[in-house]
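S.K.: Would you be able to build a 3D model of this:
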Amino acid sequence: MDAPAIAFSFAPIQSLHCDRTRRIRTIIKPTALHSACIPDFPATAAADFCLTHHVLEGAETAARTRDTTAFDWYRGHPDAGAPRLSMPTAVGPRIVVAPRLDRLPRSAISETPYYVLGPGTTTASPDQQDLAVGAYAIGAQTGFADLLAAHAVVLVLLRHKQLGDTLDSWTITRLPGTVFCDHVHEPVVLARDLIHEAGHNWLNDALAATASKISDEVRFHSPWKQTMRPAFGFLHACWAFPLTMIYTARILPRTTGDLHRFLAAYLDQQRDLLAPTASDHARALDLIADTGLRQRLHTVHQEALSL
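M.R.: Just a heads-up that it's a prediction; the model follows:
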């Protein structure tokens, strides 16, 4: 039976997606007639938002390198070639790719490796796609369908590892809706990491949509980093890790053996890390003026503390 859904729908985010998608498409192809965004279909608006940022990034790179062939491709494919690459999942069409790691560039404005959809993009292998389909399905069943539908549109699979290895995953603000993940042959584990990174994408969009300005001078101790972090990073951690805690607590009874022990140990570890943040999190929330956003962050944090 599906678990209760967490309230991820947030009208300011949907407005942000529509407005920025329209602006970017006007920049890429100013003479074209662009279809209107429909906020009543947030998953569609979010997919357009994600793919349009891939087009913007790819077109900018092509323009800087004077690659007219690539530039023309992006101008002619405002969806970044999505129809050719997409596959059906429980949360809607997704794009799953597994590029060679040496094809993940860094740039002058981002030391973090990333990957941009383009004319040479191919889909991940059938086994990797099946892994992703399973992860999206499990995430949806445990109450995270809306989060994954709107904030994990493109999944870039990185290194294959073994259960118990350190798994790296990340997002970058220039490619919202895109998630970069190491993976093991366990959809349950991939779903956890998808939820974590989609949570970062959600909060980045929510802060931008509500014009939230968080002072870099205010810092809090982060148990995850064992250091003092700016409020922005502290709030991100106190949102994304609790989401994975809630997910893990919900999926744990369905698992057995090594997977069960791995997830149980993870949940115990996160309980110990989250507990000391209770008072600081309340103070950090005072920095967020938007009531709806503040309440969502508080609710998830409190639920995770209660696990």
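S.K.: At which residues are the strands of the stretch 51-200 of the chain located?
M.R.: Assigned strands in the stretch 51-200 of the chain, in chain order: 95-97, 154-160, 169-170, 178-183 (criterion: DSSP state E, counting those that start in this stretch).
S.K.: Name every strand pairing with the longest one and say which way it goes.
M.R.: Using DSSP bridges, the neighbouring strands of strand 154-160 in the sheet come out as strand 95-97 (parallel), strand 178-183 (parallel).
S.K.: right, so these: which one is the most enclosed?
M.R.: strand 178-183 (a mean of 24; mean count of other CB atoms under 10 Å). C-beta here means a position set from N, CA and C on the backbone, and glycine is covered the same way.
S.K.: what residues does it touch?
M.R.: 50, 53-54, 113-115, 128, 131, 152-161, 165, 167-172, 189-190, 193-194, 197-198, 201 (CB atoms under 8 Å, 6 or more residues apart in numbering).
S.K.: Just to be sure, which of those residues are found in helices?
M.R.: 50, 53-54, 128, 131, 189-190, 193-194, 197-198, 201 (DSSP state H).
S.K.: which two from the residues you listed end up farthest apart in space?
M.R.: 53 and 189 (27.1 Å; CB to CB).
S.K.: which residues does residue 94 contact?
M.R.: Neighbours of residue 94 in contact, by CB under 8 Å, 6+ apart: 86-87, 132, 136, 152-155.
S.K.: swap the cut-off to 10 Å and go again
M.R.: 47, 82, 85-88, 129, 132-133, 135-136, 148-149, 152-155 (CB atoms under 10 Å, 6 or more residues apart in numbering).
S.K.: before we move on, what about residue 303?
M.R.: Residue 303 neighbours (CB under 10 Å, 6+ apart): 6, 242-243, 245-246, 249.
S.K.: So among those, where is pLDDT lowest?
M.R.: Ranked by pLDDT, the contacts of residue 303 bottom out at residue 6, which has 87.
S.K.: Confirm it sits in a strand?
M.R.: No - checked against DSSP: H, G, I helix; E, B strand; the rest coil, residue 6 lies outside a strand; its state is coil.
S.K.: Let me see the contact set for the closest residue to it other than its chain neighbours.
M.R.: The shortest distance from residue 6 to any non-neighbouring residue, by CB to CB, 6 or more residues apart in numbering, is to residue 143 (5.4 Å). Listed by CB under 10 Å, 6+ apart, the contact partners of residue 143 are 2-8, 195, 243, 246-247, 250.
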